[in-house]
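# Requesting a structural model of the entry that follows:
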Amino acid sequence: MINPRLDQLLEHTDSHYAAVLVAAKRARQINSYYHNLGEGTFDEYPPPMVETGSKNYLGIALDEIAQGKIKYRYRD
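Predicted coordinates for the structure are as follows:
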């Protein structure tokens with residue numbers, strides 16, 4: 001079972017496709033943040049914006065989307 005639920009994700013995204021793209025990109029950013037912590041160069045990688053017990057980067061990204069912490073827009 002996916003947590004958060006899909007209907008919670010769709011409240012903050014336009015479609016299933018957008019939810020997948022946004023979550024995948026944010027998970028890569030979180031991954032980069034944790035990998036660069038020891039180097040002291042985390043300015044370009046924002047830390048997780050939600051409190052969670054999850055160690056899974058995709059799970060953290062999905063929680064951020066469900067709580068409305070992630071804003072996105074389409075490029076023209």
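
# can you give me the helices for the protein?
Assigned by DSSP state H, the helices in the chain fall at 6-10, 16-35, 57-66.

# Identify the residues contacting the residue nearest the centre of the chain.
In the chain, the centroid-proximal residue (Cα atoms, centre = their mean) is Ala61; its distance is 2.4 Å. Taking Cβ atoms under 8 Å, 6 or more residues apart in numbering, we find Ala61 in contact with Val22, Ala23, Ala24, Arg26, Ala27, Ile30, Ile70. Using the backbone N, CA and C atoms, a C-beta is placed for each residue, glycine as well.

# Give the PyMOL command for selecting the buried subset of those residues.
Restricted to buried positions by 16 or more other Cβ atoms under 10 Å, the PyMOL selection for these reads:
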select buried, resi 22+23+26+27+30+70
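
# Between the contacts of Ala61, which sits nearest Glu44?
If you rank the contacts of Ala61 by distance to Glu44 using Cβ to Cβ, Ile30 comes first, at 12.8 Å.

# follow-up on the earlier one: quick check: which of the helices of the chain is buried the most?
The highest mean neighbour count among the helices of the chain, using mean count of other Cβ atoms under 10 Å, belongs to helix 57-66: a mean of 22.

# Show me how far it is from its chain's centre.
4 Å (Cα atoms, centre = their mean, to the nearest Å).

# Between helix 16-35 and that helix, find me the angle.
120 degrees (axes from the mean of the first three to the mean of the last three Cα atoms, to 10 degrees).

# mean confidence for helix 57-66?
Helix 57-66 carries an average pLDDT of 94.

# quick one, phi psi at Thr52?
phi -150, psi 150 (degrees, to the nearest 10).
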